[in-house]
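Kindly generate the corresponding structure for this input.
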Amino acid sequence: MGRVTDLASFAALLAPEGQTLLAALRDYDPARELAVASRLRRDHPAELVTAALGQARLRQRAVAKFGAEDAYRMYFTPHGVEQSTRAPVGAHRAARMKALGVGSVADLCSGIGGDAIALARAGISVLAVDRDPLTAEAVSANAEALGLSGLIEVRCADVTEIDTGPYDAVFVDPARRGGRGRIFDPEAYSPPLSWAVEAARKAPRAALKVAPGIPHEAVPAEAEAEWISDGGDVKEAVLWFGTEPGARRATLLPSGTTVTGRGLPDPAVRPVGRYLYEPDGAVIRAHLVAEVAEELDGGLIDETIAYVTSDVLVPAPYAAAYEITDELPFNLKKLKALLREREVGNLTVKKRGSAVEPEEIRRKVKPKGPNAATVLLTRVAGAPTMLIGRPVRADGSPRGPLPSQT
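Numbers count the residues shown, from 1 in each chain. I've put the predicted structure just below:
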């Protein structure tokens, strides 16, 4: 229950009574929604209470993307929360736009305005366009709530009808969700990727937000492709026009570390060394494992697995490092015996190139004891293998608190 579904309900939320309700619902518990709704309906119209509860739930969900300070002042639609750019990613992209000398952007398919907000905060004037009237109203309300209405113009229109000529750059974020969930075919985006590419080609500069799983062969030759992760999770890919044609890069947030492609051949396969490096997902998506391997003076453990091995431990902000103590053929009995011998109860299980699920391993080996270890299920030179070790920092010390479960 509790969804904002029409313009009248949304307008009521912006009125004083709606604002009072939203303020009262900031910290409400969704598990008690029926009781809360019954209580509020004694003093407020039922339709307004339903709309306020829906918006309160959306704001709570949006905190993960926008932070509490912004999320509890902003307005959302269900699809808007799902498809919005995470704030740090939007800020990174806006900073790149600003560094490129962009002063104005036509933000096509703006959604509830997450990217428009980031661009405006970078000092860029924005035309935010969305064809859904409710979504367009949410953009206007968000610009007003965050003090950015002077930099954000909102237009409810079909993006294919917008003249982008007056703007320094175009940003397009096609809808990648449909009635059945995520859309993986770029030509099934709304609008299709081919239309967005043509719109980009007409602008001095452009950025197209696409799914991180986009096939490399679908990237236009004149575009730079950037894969972005935030906190270790790959969030999106961006096709840049008017920058470095054919370039490939991976950007890791919040550090801002960037790995740039140099056209290196695939790394050689070599025996497992003392250290194993797991490249960030953005590095893997960008096909830049070879660049990482060169910087680590390492090689692959298998030609099909994105694990880099080396005998040296070096600072690697683009990869997690593990010190490997044991290399065993896949055998649960041997693993169970080894863990029992070393009194390992704090067990982390990771996998890459293995069909075995981590929880299955934990259930069967039944770890018990005061010590900790990491098991990596993978392939080494084509053979199913178990690598046992521990995560480490560049100085050799354990990296972070070891998890208590998989």
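
Mind jotting down where the strands sit in the stretch 101-250 of the chain?
With DSSP state E, counting those that start in this stretch, the ranges of strands along the stretch 101-250 of the chain come out as 104-108, 125-130, 152-156, 169-172, 177-178, 181-182, 205-210, 224-230, 233-241, 248-253.

out of these, nearest to residue 83?
Among the strands of the stretch 101-250 of the chain, the nearest to residue 83 by CB to CB is strand 177-178 (6.3 Å). For glycine as for every other residue, the C-beta is placed from the backbone atoms N, C-alpha and C.

That closest one - what's its average pLDDT?
Mean per-residue pLDDT for strand 177-178: 59.

Counting neighbours, what do you get for the residue nearest to residue 312 when sequence neighbours are not counted?
Leaving aside its sequence neighbours, residue 312 sits nearest to residue 297 (CB to CB, 6 or more residues apart in numbering; 5.9 Å). By the criterion of other CB atoms under 10 Å, residue 297 has 12 neighbours.

Over to the one 3 residues further on?
Residues contacting residue 300 under the criterion other CB under 10 Å number 21.

Quick check: pLDDT value at it.
97.

From residue 289, how far out is it?
Residue 300 is 8 Å from residue 289, where distance means CB to CB, to the nearest Å.

so what sits against both of the two?
267, 306, 308 (CB atoms under 8 Å, 6 or more residues apart in numbering).

check contacts around the second one.
Meaning residue 306. Residues in contact with residue 306 (CB under 8 Å, 6+ apart) are 278, 279, 284, 289, 300, 352.

One more: the first one?
Residues near residue 267 by CB under 8 Å, 6+ apart: 289, 290, 293, 294, 298, 299, 300, 308.

Quick check: which element contains it?
Using DSSP states H and E, residue 267 falls within no helix or strand.

out of the contacts of residue 267, what pair is the most spread apart?
294 and 300 (11.9 Å).

re the thing from before, show only the entries of the contacts of residue 267 found in strands.
299, 300, 308 (DSSP state E).

Out of the residues you listed, the closest to residue 235 would be?
Out of the ones in strands among the contacts of residue 267, the member with the shortest distance to residue 235 (by CB to CB) is residue 308, at 22.9 Å.

what about the closest one, how many residues close to it?
The local packing of residue 308 (other CB under 10 Å) involves 29 other residues.

Is it bridged to anything, and to what?
According to DSSP bridges, the partner residues bridging residue 308 are residue 277, residue 300.

can you pull the contacts of it?
Listed by CB under 8 Å, 6+ apart, the contact partners of residue 308 are 267, 276-277, 279, 289, 292-293, 296, 298-301, 319.

same question, residue 108
Residue 108 neighbours (CB under 8 Å, 6+ apart): 129, 159, 162, 164, 170, 171, 172, 173, 196, 199.

show me where the stretch 301-406 of the chain has helices.
Assigned helices in the stretch 301-406 of the chain, in chain order: 332-341, 358-365 (criterion: DSSP state H, counting those that start in this stretch).

how about the ones you listed, which one is nearest residue 213?
That would be, of the helices of the stretch 301-406 of the chain and by CB to CB, helix 358-365, which comes in at 22.4 Å.

Just give the nearest non-adjacent residue to residue 76, would you?
residue 58 is the one closest to residue 76 (CB to CB, 6+ apart), at 4.0 Å.

ok, the one you found - how many residues close by?
Residue 58: 22 surrounding residues under other CB under 10 Å.

Same check on residue 49?
Burial measure for residue 49: 23 neighbouring residues, criterion other CB under 10 Å.

Correct me if wrong: it contacts residue 21.
Yes - Residue 49 is within contact range of residue 21, at 6.9 Å (criterion: CB atoms under 8 Å).

Find the centremost residue of this protein, please.
residue 235 (2.1 Å; CA atoms, centre = their mean).

so who does that one touch?
85, 86, 89, 212, 228, 229.

got a winner among those for most neighbours?
Highest count within the contacts of residue 235 by other CB under 10 Å belongs to residue 228, 27 neighbours.

Tell me what the residue lying closest to that residue once chain neighbours are set aside is bridged to.
Once flanking residues are discounted, residue 228 sits nearest to residue 251: 4.9 Å by CB to CB, 6+ apart. Note on residue 251: beta-bridge partners residue 228, residue 258, judged by DSSP bridges.

confidence score at residue 251?
For residue 251, pLDDT reads 98.

And residue 183, by the same measure?
For residue 183, the pLDDT comes out at 67.

any idea how far the closest residue to residue 234 other than its chain neighbours lies from residue 84?
The shortest distance from residue 234 to any non-neighbouring residue, by CB to CB, 6+ apart, is to residue 281 (4.0 Å). Distance, residue 281 to residue 84, by CB to CB: 20 Å.

ok, the two, which is more surrounded?
residue 84 (23 against 18).
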